[in-house]
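Peer 1: My questions concern the predicted model and sequence given below.
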Amino acid sequence: MSDIKPRDVQVALIDADTTVLRSRTWDRLKFEVEYSLQRGTTANSYLIQADKTAIIDPPGESFTEIYLDQLRQYIDLHHLDYVILGHVNPNRSATLKRLLELAPQITFVCSKAGAVALRTVFVGRELKIHIARGEETLDLGKGHQLQFVTVPTPRWPDQLYTYDPQTRILFSDKLFGVHVCGDQLLDENWKLLDEDRRHYYDCLHAAQSRQVEVALSKFAPLSIKLYAPNHGPLVRYSKSRLTLDYRQWSQQQKDKELTVALIYASAYGNTATLAQAIAKGITKSDVAVESINCEFTEPSEIQAALEKCDGFIIGSPTLGGHMPTQVQTALGIVLSTANKSKLAGVFGSYGWSGEAVDEIESKLNDAGYRFGFDTIRVKFKPTDEILQQCKEAGTDFAQALKKSKKNRTLRQAVSDSQIDRTEQAVGRIVGPVCVVSAKRGNVSSAMLASWVAQASFNPPGLMVAVAKDRAIEPLIHTGDKFVLNILQEGMNLRRNFLQSFAPGADRFAGLNTQEAENGCSILSEALAYMECTVQTRVECGDHWLVYADVNNGKVLNPGGTTAMYHRKSGSQY
């Protein structure tokens, strides 16, 4: 029998006249696939029942019916006045259509860009829409004078935040959330959420950190008691700490030396999903990303971003065999503005043909730009494997930028005697040569590792350091499984893992392997292997230090000798 719990809706009163309906799943939903982790999620919707009734952010189509069943137990839908939308996307359209069938009298409250998106969802239908503006309030009675904060972002150009001064709740939509599922309504145990919150920020907001800072500045004058996000526990106990984290994480993006302009348009959300994954691969390599949705960005802003960036990437859907007009405009700005020394990249999704991607690639190639990764073409919705390929492509792009900068910096080779004495000393730390293999779902990866050590006797545990820009890094979070293959002296296996791999390439092609009990790959020619479960990981500069329990293991060649790695300098592998 499956141990996956059924989907349900958790309902709780959180303040005066205010109820949260948390649609929950312990499985991973389609819209969450780009965030890699598989901890389930909650889709939080909020109900305010005063003289007038409003719901804020109804969930997507995965929860439409169970959400409406619960909602009808609390209100008569014929008396529902407002549906307030932090953003409009295709995933939410099924729920909105059902709501309008059951309650045709409702007025949608959204930003101006949200109104445009709504009319696209309800083509040819008359809608009651109230466009929320910053200087206006929406009076629900009983003191609930709702205020609105608009901060357009590349991913959500219709972004709207709602604040209720009566309860001091900020309905924060995509900010301050986390993709985890559980019974915890509030964040009492917020320290347990640290890793997932950082991962959520890196996936959703690192590439639009400038807009995050704008939002935080607009929130500053408000007297906020509680953040009510779309996903995860409501934020009360760690509100100040999480706000500070968001500021620091956003500042870190500004402080990076290299920047990539990621320019795209997205017809159905698929190209935007690819952009998000590429951005994640770039940012984890300590290179900043400025995400630009050219459908909602002035040409002057695109030009300014291209002038200051070190590299650029363009993504486009194909509509009627062509790229959208906004992408054509952006491409024209690229060709007239971006120096030919800047690294380029191209990606896109399509339904039946992919002419737009081919055309962009051809024009950039003819203009003499170098490419940081092979052009990515994706038909329909991207899979886990495609998104992993996009992340690795983003990482390759960032590493190519860093290498190019290093080559431009005049450095003379130094002899062993000239190497910094501290680096020499650190380099004398030796470790076993290992291959770490990991797998989650259909996505697998591996890396060569020598920063490995036993960390505990009972239970048996080990530590392994994983560079942030390693392709395997997204597969080694708390709760994930991996196999540590310890190599024996000799270069045969080591040589295979020293080579550069194309994004998404099979690291074990041509090697003899077997599947471990935890599903990861065991190298048949290894000296020994251990099956491990990640218990925690700690951020340490440019690496993650991963601690894992050893669940199972075996020596495959009792007569062999462990391969050890010796270095002359502690500043490189």
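Peer 2: That came through, no problem.
Peer 1: C-alpha only now, for contacts and for neighbours.
Peer 2: Fine.
Peer 1: what's the domain layout of this protein?
Peer 2: 8-252, 256-408, 420-565 (automatic domain parsing).
Peer 1: can you give me the helices for the stretch 101-250 of the chain?
Peer 2: 112-121, 194-204, 209-219, 239-255 (DSSP state H, counting those that start in this stretch).
Peer 1: what's next to the first one, contact-wise?
Peer 2: Residues from elsewhere that reach helix 112-121 (Cα atoms under 8 Å, 6 or more residues apart in numbering): 85, 87-90, 93, 125, 127, 129, 131-132, 157-159.
Peer 1: got these as CSV, with distance to residue 150 and neighbour count columns?
Peer 2: Formatted as CSV, these follow (distance: Cα to Cα, whole Å; neighbours: other Cα atoms under 10 Å):
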residue, distance to residue 150, neighbour count
85, 12, 25
87, 10, 24
88, 14, 24
89, 17, 16
90, 20, 15
93, 21, 19
125, 26, 9
127, 21, 17
129, 16, 20
131, 11, 15
132, 8, 24
157, 9, 21
158, 8, 24
159, 6, 24
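Peer 1: Ok, which of the helices of the stretch 101-250 of the chain comes nearest residue 492?
Peer 2: Residue 492 lies closest, by Cα to Cα, to one member of the helices of the stretch 101-250 of the chain: helix 194-204, at 36.0 Å.
Peer 1: now the angle from that closest one to helix 239-255?
Peer 2: Relative orientation of helix 194-204 and helix 239-255, computed by axes from the mean of the first three to the mean of the last three Cα atoms, to 10 degrees: 40 degrees.
Peer 1: Out of the helices of the stretch 101-250 of the chain, which gets nearest to residue 228?
Peer 2: Across those, residue 228 has its closest neighbour in helix 239-255 (10.5 Å, Cα to Cα).
Peer 1: That closest one packs against which elements?
Peer 2: On a contact count with 3 or more Cα pairs under 8 Å, 6 or more residues apart in numbering; DSSP states H and E, helix 239-255 meets helix 209-219, strand 288-293.
Peer 1: Distance from the chain centre to the shortest one, please.
Peer 2: Offset of strand 288-293 from its chain centre (Cα atoms, centre = their mean, to the nearest Å): 14 Å.
Peer 1: Can you get me a residue count around residue 398?
Peer 2: If you count neighbours by other Cα atoms under 10 Å, residue 398 ends up with 30.
Peer 1: Correct me if wrong: it contacts residue 285.
Peer 2: Yes - look at residue 398 against residue 285 with Cα atoms under 8 Å: they come within range, at 6.2 Å.
Peer 1: what pLDDT, on average, does stretch 354-363 get?
Peer 2: Averaged across stretch 354-363, the pLDDT comes to 93.
Peer 1: same check, this time on stretch 186-199
Peer 2: pLDDT averaged over stretch 186-199 gives 93.
Peer 1: now swap in stretch 387-399 and tell me
Peer 2: Here stretch 387-399 scores 94 as its mean pLDDT.
Peer 1: picking up where we left off before, among the domains of the chain, which is the most enclosed?
Peer 2: Sort the domains of the chain by mean neighbour count, taking mean count of other Cα atoms under 10 Å, and domain 256-408 sits at the top with a mean of 20.
Peer 1: Which of the helices or strands spans residue 465?
Peer 2: Assessed by DSSP states H and E, residue 465 sits inside strand 461-467.
Peer 1: for the chain, which spans come out with low pLDDT?
Peer 2: Across the chain, the ranges flagged by pLDDT under 70 are 1-5, 28-36, 407-419.
Peer 1: Run through who's touching the lengthiest helix in it.
Peer 2: Identified as the longest helix of the chain according to DSSP state H is helix 384-408. With Cα under 8 Å, 6+ apart as the test, helix 384-408 has contacts from 33-34, 36, 258, 274, 277-287, 310-311, 343, 345, 372-374, 376, 378, 442-443, 469-471, 503-504.
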